[in-house]
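In: Would you be able to build a 3D model of this:
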Amino acid sequence: MRTAAPGLGEEAARVAPATARDERRFLTGPTSRRRELRFLWTVLREFLHGFRVLHFVGPCVTVFGSARVAEDSPYYKLARQLGAGLSRQGFTVLTGGGPGIMEAANRGAREAGGPSIGCNIVLPTEQHPNPYLDRWLACRYFFVRKVLLVKCSYTFVIMTGGLGTLDELFEAFTLIQNKKILDSPVVVVSRAYWASLGVLLADMQRHGMVAAADLHLLTYTDSVEEALAHIERHAVVKYQLAAKRQPRRWWWLGE
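Out: Numbering: from 1, shown residues only. Next up is the predicted model:
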């Protein structure tokens with residue numbers, strides 16, 4: 001198993017500016033065919049590596065949340081308890097692999113004896129692999145990372161977070177709403193923190209921009225036990241995850 005390596009922060013600081021330049025060039029309109037082909041090849045390699053790393057991790061729950069949450073925060077403790085509970089349900093806990101809420105969920109999974117996986121992103125600040133990962137991969141591109149975090153997951157847990165967490169919440173929400181992925185439970189933890197989000201969505205519904213049925217895709221709770229019970233009913237039982245078999249390993253692919 002690969003664990004978080006010391007010094008990755010320095011490596012991220014070196015690689016991140018080049019990565020940002022590549023993305024900016026790609027998103028500023030058509031460039032030369034050679035440059036676009038080179039960019040696509042880089043993305044393909046990153047997807048291929050991610051698929052291989054995650055192929056045998058089993059059914060996952062992705063936990064989203066802020067990197068800025070300290071270890072003594074009640075939000076950290078809640079995420080840690082949730083990570084442990086998800087592991088006991090038989091899930092692999094998948095996070096963005098960084099500090100804060102991500103670290104807490106991975107830590108809880110590790111302490112409960114379950115698999116703990118991180119899908120990290122190369123950034124100059126904040127984002128570095130936490131020490132509670134059994135396996136991790138470092139993505140250069142946000143859109144690759146977002147696909148990987150969704151691909152293996154049967155449930156999404158939204159903990160306290162900022163813009164990145166909101167982005168991940170609405171990504172999962174939109175994919176489920178439009179039937180692009182399974183009708184997976186989305187559990188939003190901490191009613192008080194996310195109260196303004198509920199008000200915003202209710203206002204959108206009043207204006208006819210969001211259907212009432214769509215809002216039922218989100219479940220709000222303050223309780224780890226309630227979150228786990230909801231996931232048990234709407235993911236473990238619904239999709240018979242306990243009976244799912246691991247993919248067959250092929251020796252000639254180095255598996």
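In: Flag every buried residue along stretch 134-148.
Out: Neighbour-count burial for stretch 134-148, counted by 16 or more other CB atoms under 10 Å, picks out 134-141, 144-148. C-betas here are computed from N, CA, C, even on glycine.
In: Among those, which ones are in strands?
Out: Mapping the buried residues of stretch 134-148 onto strands (DSSP state E) picks out R135, W136, L137, A138, C139.
In: What is the burial count for G108?
Out: Per other CB atoms under 10 Å, the neighbour tally for G108 reads 28.
In: scratch that, A211 is what I was asking about
Out: Around A211 there are 11 residues (other CB under 10 Å).
In: tell me which element the residue lying closest to it once chain neighbours are set aside falls in.
Out: Leaving out its chain neighbours, the residue that sits closest to A211 by CB to CB, 6 or more residues apart in numbering is Q205, at 7.3 Å. Q205 belongs to helix 195-206 when assigned by DSSP states H and E.
In: Which SSE is immediately downstream of that helix?
Out: Downstream of helix 195-206, the first helix or strand assigned by DSSP H and E is helix 212-215.
In: Adjacent strands (with direction) for the next helix or strand after that following helix?
Out: Next helix or strand after helix 212-215 toward the C-terminus (DSSP H and E): strand 218-221. Strand 218-221 has the following strand partners under DSSP bridges: strand 186-189 (parallel).
In: which residues touch the partner strand?
Out: By CB atoms under 8 Å, 6 or more residues apart in numbering, the surrounding residues in contact with strand 186-189 are 78-79, 82, 155-160, 169, 172-173, 176, 194, 197, 217-222, 227, 230-231.
In: Give me the buried subset of the residues you listed.
Out: Among the contacts of strand 186-189, those classed as buried by 16+ other CB under 10 Å are 78-79, 82, 155-160, 169, 172-173, 176, 194, 218-221, 227, 230-231.
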